[in-house]
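J.: Need a 3D model of the following:
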Amino acid sequence: MVILGARQVGKSTLVERIAAETGIKTIVSLDEQAVRVSAENDPTGVINDMALPAIIDEVHRVPDLMLAIKRRVDREQRPGQFLLTGSANILTAPRIADALTGRAEYLRLWPLTQAEIHGTPATLLHQLFAGTAPALSGQPGGRSAYASMIAAGGYPMARLREGKRRSRYFESHVEALLVRDLADIAGVGGPHTTRQLLNAYAAISGALVNHASLGRDLGVNQRTAQARTDLLETLFVIRRLPAYSGNLLNRVVKAPKGYITDSGLLCHLIGADAERIVKDDKVAGMTFETFAVMELLRLAEWGDHALRAFHYRDRDGREVDLVLEHPNGDVIGIEVKAAASIHTSDLTGLRHLRSKLGDRFRGGAVLYTGEATVPFGNGLFAVPLSALWA
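T.: Numbers count the residues shown, from 1 in each chain. Down below sits the predicted model:
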């Protein structure tokens with residue numbers, strides 16, 4: 001088993017609890033310098049001498065270990081020999097992408113969802129696929145009801161801090177990503193360019209991504225912008241959402257949408273606090289959408305089925321922020337608005353998608369800052385943002 005996720009989301013805490021509950025004695029952390037140096041000098045010897053089952057934390061820090069693990073797993077073919085964690089997506093990291101193909105199961109750990117924080121089940125996606133929505137009323141209304149949780153985000157340690165202390169936490173977090181982790185997984189230096197690109201993604205979080213334009217703005221070519229984007233996605237700090245297309249859909253804009261993967265990190269990168277989220281329409285739009293879409297993508301990974309995630313936008317400007325497709329072909333769509341009231345025009349994109357997909361379209365919702373669920377007919381609803389956890 002391999003547990004992947006951004007640094008500081010709780011991977012080490014999780015595996016320590018697993019070790020305590022299962023009796024695993026061998027726990028190796030590659031954050032410890034002496035252990036890491038030994039693994040770098042003799043990866044095969046370290047793995048061959050290791051008592052199994054074993055936990056190896058932050059395995060991406062010594063990529064050559066992956067090949068040694070592969071050889072031992074192939075030699076002693078039995079499940080449950082290793083539990084690995086990594087702060088980089090080793091499925092795509094250039095130096096170690098193929099080592100455990102077909103030999104491991106992968107679990108992605110993201111910053112906390114609001115459902116986890118509130119200790120409540122999240123049923124929104126299940127209900128939308130069933131053609132209905134949570135029947136909520138009396139929910140907190142307006143931007144101010146949600147601004148503080150959006151500014152805090154889901155990183156456990158960031159949530160314990162406020163003001164300058166939270167800002168310092170995120171700054172050290174970004175520094176570690178760009179200086180240490182990029183070198184570990186790809187041997188990449190020059191963190192200044194990558195930091196500029198991260199800031200650029202923050203400025204357009206929730207918008208279409210054009211790498212040629214980003215490259216021009218940063219003074220690099222499109223290939224460099226694309227390569228650095230791939231690395232940031234490998235480190236779980238940005239996520240691109242591909243455009244939805246199919247035989248029944250045409251005139252679709254093919255560019256992906258890009259997001260910072262945590263709303264708290266986004267607020268840090270753009271220099272926005274809860275008060276600005278309430279007052280500034282542009283900041284409210286991008287932070288509410290980033291918050292909701294990232295929450296939904298995390299919830300989508302909890303289910304029994306692998307849902308594919310997209311955005312939809314055609315050349316006439318009709319769009320849906322998030323489109324989720326079930327393996328059986330069923331589709332739902334979700335729009336996000338920072339407004340406390342919804343008009344019929346706000347459902348234009350969902351209606352268009354429904355007309356194109358017919359019976360495959362199971363339901364759609366506009367998440368908004370109003371107080372109650374409002375049906376709009378034929379499986380479409382306006383739903384309070386709190387439906388993500390209420």
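
J.: So which elements touch the longest helix along the chain?
T.: As assigned by DSSP state H, the longest helix anywhere in the chain is helix 281-300. The contact analysis (3 or more C-beta pairs under 8 Å, 6 or more residues apart in numbering; DSSP states H and E) places helix 281-300 against helix 124-129, helix 147-152, strand 238-241, strand 257-260, helix 263-270, helix 274-279, strand 319-325, strand 331-336. No exception for glycine: its C-beta is placed from N, CA and C like everyone else's.

J.: Comparing those, which comes out most buried?
T.: Counting by mean count of other C-beta atoms under 10 Å, strand 257-260 has the highest mean neighbour count of these, with a mean of 26.

J.: Output the contacting helices and strands for it.
T.: When contacts are defined as 3+ C-beta pairs under 8 Å, 6+ apart, strand 257-260 packs onto helix 191-203, strand 207-208, strand 238-241, helix 281-300.

J.: so which of these gets nearest Thr22?
T.: For the helices and strands packed on strand 257-260, the distance to Thr22 is smallest for helix 281-300, at 25.4 Å, taking C-beta to C-beta.

J.: and that closest one with helix 263-270, angle?
T.: 150 degrees (axes from the mean of the first three to the mean of the last three C-alpha atoms, to 10 degrees).

J.: and after helix 281-300, which helix or strand comes next?
T.: Downstream of helix 281-300, the next assigned helix or strand under DSSP states H and E is strand 308-313.

J.: Mind putting the helices and strands packed on helix 281-300 into CSV with mean pLDDT?
T.: Shown next, in CSV, are the helices and strands packed on helix 281-300 (pLDDT from 0 to 100):
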stretch, mean pLDDT
helix 124-129, 96
helix 147-152, 98
strand 238-241, 95
strand 257-260, 97
helix 263-270, 98
helix 274-279, 98
strand 319-325, 97
strand 331-336, 98
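
J.: still on that earlier bit, so for the longest helix of the chain, what gets flagged as buried?
T.: Buried residues in helix 281-300, counted by 16 or more other C-beta atoms under 10 Å: 283-300.

J.: Quick check on the closest residue to Ser87 other than its chain neighbours: phi, psi?
T.: Ranked by C-beta to C-beta, 6 or more residues apart in numbering and with sequence neighbours excluded, the top spatial neighbour of Ser87 is Arg7, at 4.3 Å. Torsion angles at Arg7 (phi, psi; degrees, to the nearest 10) stand at phi -60, psi 150.

J.: what's the burial count for Arg7?
T.: Using other C-beta atoms under 10 Å, Arg7 has 20 neighbouring residues.

J.: one step back: distance to Leu14 added to the helices and strands packed on strand 257-260, as TSV?
T.: What follows is these, written out as TSV (distance: least, C-beta to C-beta, whole Å):
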stretch	distance to Leu14
helix 191-203	26
strand 207-208	33
strand 238-241	21
helix 281-300	15
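
J.: Let me know which of these is the nearest to Leu214.
T.: When those are ranked by proximity to Leu214 (C-beta to C-beta), helix 191-203 comes first, at 5.5 Å.

J.: With just CA atoms, put the closest one into CSV.
T.: The C-alpha coordinates for helix 191-203 follow below in CSV (Å, rounded to 0.1, in the frame of the first residue of the first chain):
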residue,chain,number,x,y,z
PRO,A,191,12.9,27.4,-7.3
HIS,A,192,12.3,31.1,-8.2
THR,A,193,10.7,30.2,-11.5
THR,A,194,8.6,27.5,-10.0
ARG,A,195,7.4,29.9,-7.2
GLN,A,196,6.5,32.5,-9.8
LEU,A,197,4.4,29.8,-11.6
LEU,A,198,2.7,28.8,-8.4
ASN,A,199,1.8,32.4,-7.8
ALA,A,200,0.5,32.7,-11.3
TYR,A,201,-1.7,29.6,-10.7
ALA,A,202,-3.0,31.2,-7.6
ALA,A,203,-4.0,34.3,-9.5
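
J.: Could I get the contacting residues of the residue nearest the centre of the chain?
T.: Closest to where the C-alpha atoms of the chain average out (C-alpha atoms, centre = their mean) is Thr261, at 4.5 Å. When contacts are counted by C-beta atoms under 8 Å, 6 or more residues apart in numbering, Thr261 is found next to 6, 110-111, 236-239, 294.
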